[in-house]
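Colleague: Starting from these lines, generate the structure:
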Amino acid sequence: MFPSGYEDYEKNVERYKREEYKRYLEEKKARLKNFDFSIISSNCNGAFMYYDLGLQYLSPTVNLTIGMNDFIKMIGNLKYYMSLEMKKLEENYLYPTAMLGDIKVNLVHYRTFEEGFKKWEERKRRINWNNLFIVGTERWDCNYETIKSFEQLPYNKVFFTHVEYPEFKSAYYIKGFEDQKQLGVLVDYKNQFLLRRYLDDFDYVDFLNRRE
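Modeller: The predicted structure is shown next:
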């Protein structure tokens, strides 16, 4: 049995956490100097950056995932792959799945292929080819050679990793997953008092302000 007033205390704490996190995001928005960028991301990390900053998605890689080796292949010839039409895979998956040429696209947060296809086509037309940022994540079919290949891509880029790779300039180590084989979900909240996600360890505002 909790003492009288405990529930009110808990509600006040949660309210403080939410309000503090809202202020934290507002401070990020205030620091942003570059606004018309396109983030091409292997998963939803890029979409959350747009969302946090209150910006329109100038990228088709929203609500989906692409395996890292396929992703690097796609980035290596990005304009070609963006010229292709996504085709529905008829195999049974837990979510709609498609092929973009020889690249498999997992439409994990869409109810149907048609919904994902429509959004992909709509958003890829918004790409700002003069202001591109590439975001990779050490998940799925990723290994050391994958990170090495990513490093060679000629873009503003970051590759989130679960351990340190000091030999790669684009690698950014996210703490908390060292005992695992890959990174967890970076938009999950960490187990601490203030509301912070693993993604918040990375100063993506500073990253996005580095327009070439």
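
Colleague: For stretch 203-211, list every residue counted as buried.
Modeller: By 16 or more other CB atoms under 10 Å, the buried positions in stretch 203-211 come out as Tyr204, Val205, Phe207, Leu208. Backbone N, C-alpha and C define where each C-beta goes, glycine included.

Colleague: Please read the previous query as pertaining to stretch 151-164.
Modeller: Glu151, Leu153, Asn156, Lys157, Val158, Phe159, Phe160, Thr161, His162.

Colleague: Just the pLDDT for the last one.
Modeller: This points to His162. The pLDDT attached to His162 in the predicted structure is 97.

Colleague: before we move on, back to that, of the buried residues of stretch 203-211, which is the nearest to Phe168?
Modeller: Using CB to CB, Phe207 comes nearest to Phe168 of the buried residues of stretch 203-211, at 15.4 Å.

Colleague: can I assume the closest one sits in a helix?
Modeller: Yes - counting by DSSP: H, G, I helix; E, B strand; the rest coil, Phe207 falls inside a helix.

Colleague: Would you check that it makes contact with Lys157?
Modeller: No - counting by CB atoms under 8 Å, Phe207 does not reach Lys157; the two are 9.2 Å apart.

Colleague: Overlap in contacts, the two.
Modeller: Both Phe207 and Lys157 are contacted by Phe133, under the criterion CB atoms under 8 Å, 6 or more residues apart in numbering.

Colleague: and Arg111, what does it touch?
Modeller: Taking CB under 8 Å, 6+ apart as the criterion, Arg111 is in contact with Pro96.

Colleague: do Asp36 as well
Modeller: Asp36 makes contact with Leu58, Asn128, Asn131 under the criterion CB under 8 Å, 6+ apart.

Colleague: and if we set it to 10 Å?
Modeller: Residues near Asp36 by CB atoms under 10 Å, 6 or more residues apart in numbering: Leu55, Gln56, Leu58, Arg126, Asn128, Asn130, Asn131, Arg211.
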